[in-house]
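Peer 1: can't give you the sequence, but here's the structure:
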């Protein structure tokens, strides 16, 4: 059971790192948090995949957190 907990923790930390790294990459690419979020919202409108929607939603939330912390 403990192995499952540790495995889940490792995977969730990796996923959080992926989201943070991608958010940072978008900020660097667009030079603006607002432009990065607009790009993601445009991508959201162009996809029907629920998993992609969830990932984009998490990305937008991360960018909003970054903006609030600045």
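Peer 2: It's in. Just so it is clear, the model here is predicted, and its values are computed rather than measured. Numbering: from 1, shown residues only.
Peer 1: Please tell me how far the most centrally placed residue in the chain sits from residue 33.
Peer 2: Nearest residue to the geometric centre of the chain (Cα atoms, centre = their mean): residue 59, 2.5 Å. The spacing between residue 59 and residue 33, counted by Cβ to Cβ, to the nearest Å, is 12 Å. Glycine gets a C-beta too; all of them are placed from N, C-alpha and C.
Peer 1: how much space is there between the residue nearest to the centre of the chain and residue 26?
Peer 2: Taking Cβ to Cβ, one finds residue 59 at 7 Å from residue 26.
Peer 1: dump the residue contacts of the residue nearest to the centre of the chain.
Peer 2: Neighbouring residues of residue 59 by Cβ atoms under 8 Å, 6 or more residues apart in numbering: 19, 22-23, 26, 40.
Peer 1: Report the rounded mean pLDDT for stretch 7-24.
Peer 2: Averaging pLDDT along stretch 7-24 gives 90.
Peer 1: for stretch 44-64, same thing?
Peer 2: The pLDDT scores in stretch 44-64 average 92.
Peer 1: which stretch of helix or strand covers the residue nearest to the centre of the chain?
Peer 2: When elements are assigned from DSSP states H and E, residue 59 belongs to helix 50-69.
Peer 1: Next, the angle from the longest helix seen in the chain to helix 50-69.
Peer 2: Secondary structure of the chain per DSSP state H: the longest helix is helix 2-30. Helix 2-30 and helix 50-69 are oriented at 70 degrees to each other (axes from the mean of the first three to the mean of the last three Cα atoms, to 10 degrees).
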